[in-house]
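Colleague: Would you be able to build a 3D model of this:
(2 chains)
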There are 2 protein chains.
Amino acid sequence: MADKKLVEAITSMDEDFAQWYTDVVKKAELIDYTSVKGCMVIKPAGYAIWELIQKQLDERFKATGVENVYLPMFIPESLLQKEKDHVEGFAPEVAWVTHGGLQPLQERLCVRPTSETLFCDFYKNDIHSYRDLPKVYNQWCSVVRWEKETRPFLRSREFLWQEGHTAHATMEEAEERTIQMLNIYADFCEQVLAMPVIKGRKTDKEKFAGAESTYTIEALMHDGKALQSGTSHNFGDGFAKAFGIQFTDRDNTLKYVYQTSWGMTTRLIGAIIMVHGDNSGLVLPPKVAPTQIMIIPIQQKKEGVLDTAYQLRDRLSNFRVKVDDSDKSPGWKFSEQEMRGIPIRVEIGPKDIEAGKCVICRRDTREKIEVALDELEAKAGELLEQIQKDMLERARAHRDSHTYTARNMEELEEILNSKPGFVKAMWCGDQACEDTIKEKFAATSRCMPFEQEQISDTCVCCGKPAKKMVYWGRAY
Amino acid sequence: MADKKLVEAITSMDEDFAQWYTDVVKKAELIDYTSVKGCMVIKPAGYAIWELIQKQLDERFKATGVENVYLPMFIPESLLQKEKDHVEGFAPEVAWVTHGGLQPLQERLCVRPTSETLFCDFYKNDIHSYRDLPKVYNQWCSVVRWEKETRPFLRSREFLWQEGHTAHATMEEAEERTIQMLNIYADFCEQVLAMPVIKGRKTDKEKFAGAESTYTIEALMHDGKALQSGTSHNFGDGFAKAFGIQFTDRDNTLKYVYQTSWGMTTRLIGAIIMVHGDNSGLVLPPKVAPTQIMIIPIQQKKEGVLDTAYQLRDRLSNFRVKVDDSDKSPGWKFSEQEMRGIPIRVEIGPKDIEAGKCVICRRDTREKIEVALDELEAKAGELLEQIQKDMLERARAHRDSHTYTARNMEELEEILNSKPGFVKAMWCGDQACEDTIKEKFAATSRCMPFEQEQISDTCVCCGKPAKKMVYWGRAY
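Modeller: Alright, predicted model coming up:
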């Protein structure tokens, strides 16, 4: 049984989801607030999750030929202004550096909110011939957007991310890379974060500032709100024309390159919390759990108990395993292991040792399983795999059971007001209908999914002939 | 033979070392200049070296209990000002953010030049009891210092680094951690970068702004100039008192914590270039070579040559290996492999295949070795180990043969004017003598080495009784 004091300390998610979320990020020691308004400290338990995300995502990138680079964190104002749509989208929310040392700068610099303009400025000098293409570069860094309202991981003034920026000889190749990276993101979310996503394209209203098309993966949180979890943009040759990025093709003519960019952020940690967490705290998918197994000795002062715990730890060294040998009570340790979302705990006490067994407790289902000590490694491995799979299936079942269809505004209203989740509904393609829905119900078009269905023949809003099925929802 | 055109393209290091350095960083494609004055693009070949440094250094950190975190990149002006010496040292060279979005900020923020003040602000809330100690945190990030003169890797307005920041219950424990990290740095430089270093303590004049003591590792570059390659600082309880970081000790009294910080930067890539490089370009130690083996097919259009090259690559997959199958000439490929510092190239052509052998060429010595194809894996592994060792020994021999002793100002002047290198000489402990030597010879005290020798009984400068042996030199 988990310790009462700790469990009582977090708000129930059914009572107040936002407060539950804040309680979990604090109690699981993922972040701390700082004197710098809107910025957070990512503490060891939070940063270790990010390191596991980075490592596994970076491997997937590199397997497709991505190379990592590092570009400056500052963008001169004149550079930011070169692409019209882009500057309109970002200028209102950047931080400006106006002084270097004791001198005012001749031109102010913004702290990068995203690096399209810097990559363009770099590619302009780096690309000359078709032999220099494609360029498939990525960087891991932090970016700054001067948000008014902030929430840990979900929206903060500074956040960590990766941003891929590529240049290609043809539009087809750029489109292929855009979709390829979206697929990597979707696969990563499902296989590593145990989080199913909807793949689709953003409407023009929702696309990235300066992009020709933006693709997105959308996940559903436990409270029925959507979270945009990764985006991939095809810029066509718009940026290339604004920045003059040209190459000599095989036919000896000068052509503009076609570009893409794609990014994922520390927001994913927020997604993990809100997809898998429960009223005892965080629940981590084994593949991103910094500690996968916590061994908790019972009556640890009795002879042989701690020794056995250490032996089990050494035998489990293929996994990320720890022994909690602190002087806290077992109940307190259980609560902490649960709060931190550690997938498996192994309980081992004098009676277990005598009987040659131990008890494994799954964090996700709280199921307790007796395991013979000599089968522990095999069983732990099996269980971690099973937990990873089960978490994905539960998240998928939750998403599917919270996905609805609407054929007209009455149905849409009824659902949005009483059943939090995704709503599938047809759309005429007119931005006015998106505006109406947003204004009336505070819901946005999440994406036009690749897997289209014919819910009805007419637009859910205006009743004119429908062009696309759209996922609608309230979103973070 | 390396291709003439490429080789001629770089300045000889004996003719103009600074230009040679600039040529290498450009031709080996490590960096590119940008529109952002004083900031650089770290290109794939440069960033991959940094990734290998990060990985191997981070593993060594974690083995000693270091945990990674991430703190904001901004420091409110009032926070920077809390520790008097620290703000004096850094305020003249920071970049100031004065506007967020369209609004002026109420308090301006500097972009972190280093994060002592942020860690203090965080620890103040995070540390309450002796149970919370020690804190041994580190972050990998970029920092900004508004330098007037910049050089790729060695001095740029933004650079990448790691900064460790720890808090301890006692001064002894803080001192132990300070030295432990210095030892890790020194060991890393020798074992991974094949670069011998002198370990020692900085004089008060040269120590970090706000530190009680600063320890350093100093390496000697090929041109005889010193490079400070890593530093570790013991702050005592100075920052703790300025920020109010207190804990309740076991005896139930309130005490201030003792703190340390330690850092290494992308400057190390500059060190690698200047310790190991030659007139054909970069020479990388195998442990930080993104590509360790380049297979270069000869007469690659002949049947079977490329296939064999790919087979060899697959057999060498325990190493970081590539085939250069571009349509360039073998000579050109040799030059490129040499310029990029790839430790081993394997030449394989139709005659080699017929004879069941290939030719291995070492980048460091240019030695060519015939190897039977069925011994290739074993031989390549041996050679990479040998190269790593030999590079360290050559660098050590160069350093030792460029280390001199001086007993008075005449000897010091003669050496500094004609024999670039380290000069060991005694010092009375008075800063006036350091000032004089700096003014007269543009040389600084690099460190008071742990391994002291008695060169003479009197200070090299003033002739008063000597207290310490000091390494002097001109430095980057």
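Colleague: what is the closest residue to chain B within the stretch 151-300 of chain A paired to in the beta sheet?
Modeller: Nearest to chain B, among the residues of the stretch 151-300 of chain A, is residue A:158, at 5.8 Å (Cβ to the nearest Cβ). Glycine gets a C-beta too; all of them are placed from N, C-alpha and C. Counting by DSSP bridges, residue A:158 is bridged to residue A:144.
Colleague: number of nearby residues for it?
Modeller: Residue A:158 has 23 neighbours, counted by other Cβ atoms under 10 Å in any protein chain shown.
Colleague: residues contacting it?
Modeller: Contacts for residue A:158 were tallied using Cβ atoms under 8 Å, 6 or more residues apart in numbering or on different chains; they are A:38-39, A:142-144, B:72-74.
Colleague: which among those gets closest to residue A:455?
Modeller: residue A:143 (37.4 Å; Cβ to Cβ).
Colleague: So the closest one is in contact with residue A:157, correct?
Modeller: No. With contacts counted by Cβ atoms under 8 Å, residue A:143 stays clear of residue A:157, the gap being 9.8 Å.
Colleague: These two - which one has more neighbours?
Modeller: Neighbour count, other Cβ under 10 Å: between residue A:143 and residue A:157, residue A:157 has more, with 23 against 20.
Colleague: ok, now which ones touch the residue lying closest to the more buried one once chain neighbours are set aside?
Modeller: Among residues not flanking residue A:157 along the chain, residue A:38 sits closest, at 3.6 Å (Cβ to Cβ, 6 or more residues apart in numbering or on different chains). Residues near residue A:38 by Cβ under 8 Å, 6+ apart: A:146-147, A:150, A:156-158.
Colleague: Now with 7 Å, please.
Modeller: A:147, A:150, A:156-157 (Cβ atoms under 7 Å, 6 or more residues apart in numbering or on different chains).
Colleague: Which residue ranges of the stretch 251-400 of chain A form helices?
Modeller: A:267-276, A:305-315, A:330-339, A:350-355, A:376-401 (DSSP state H, counting those that start in this stretch).
Colleague: and residue B:223, which of these is closest to it?
Modeller: helix A:267-276 (47.0 Å).
Colleague: count of neighbours near residue A:253?
Modeller: Residue A:253: 9 neighbours (other Cβ under 10 Å).
Colleague: Would you quantify the distance from it to residue A:285?
Modeller: According to Cβ to Cβ, to the nearest Å, residue A:253 stands 50 Å off from residue A:285.
Colleague: same check, this time on residue A:15
Modeller: 26 Å.
Colleague: before we move on, the earlier item: next, the residue nearest to residue A:157: secondary structure please.
Modeller: Classification of residue A:38 by DSSP: H, G, I helix; E, B strand; the rest coil places it in coil.
Colleague: Residue A:15 and residue A:285: which has the busier surroundings?
Modeller: Neighbour totals were compared for residue A:15 and residue A:285, and residue A:285 leads with 27 against 9 (other Cβ under 10 Å).
Colleague: and the nearest residue to that one once chain neighbours are set aside, what does it touch?
Modeller: Nearest non-adjacent residue to residue A:285, counting by Cβ to Cβ, 6+ apart: residue A:194, 4.1 Å away. Going by Cβ under 7 Å, 6+ apart, residue A:194 touches A:276, A:285, A:388, A:391-392, A:395.
Colleague: Closest one of those to residue B:231?
Modeller: Distance to residue B:231 across these (Cβ to Cβ) is lowest for residue A:285, with 39.6 Å.
Colleague: Would you mind confirming that the closest one is in contact with residue A:193?
Modeller: Yes. Residue A:285 is within contact range of residue A:193, at 5.8 Å (criterion: Cβ atoms under 7 Å).
Colleague: what's the closest non-adjacent residue to residue A:368?
Modeller: With sequence-adjacent residues excluded and distances taken as Cβ to Cβ, 6+ apart, residue A:368 is closest to residue A:361, at 5.0 Å.
Colleague: Around that neighbour, how many other residues sit close by?
Modeller: Neighbour number of residue A:361 under other Cβ under 10 Å is 18.
Colleague: again with the one 5 residues further on
Modeller: Other residues near residue A:366 come to 11 when the count uses other Cβ under 10 Å.
Colleague: per-domain residue ranges of chain A.
Modeller: A:13-276, A:291-386, A:403-473 (automatic domain parsing).
Colleague: ok, and which of the ones you listed has the densest surroundings?
Modeller: Neighbour counts (mean count of other Cβ atoms under 10 Å in any protein chain shown) averaged over each of the domains of chain A peak at domain A:13-276, with a mean of 20.
Colleague: average pLDDT for that domain?
Modeller: For domain A:13-276, the mean per-residue pLDDT is 96.
Colleague: end to end, how far does that domain reach?
Modeller: In terms of Cα to Cα, to the nearest Å, the two terminal residues of domain A:13-276 are separated by 12 Å.
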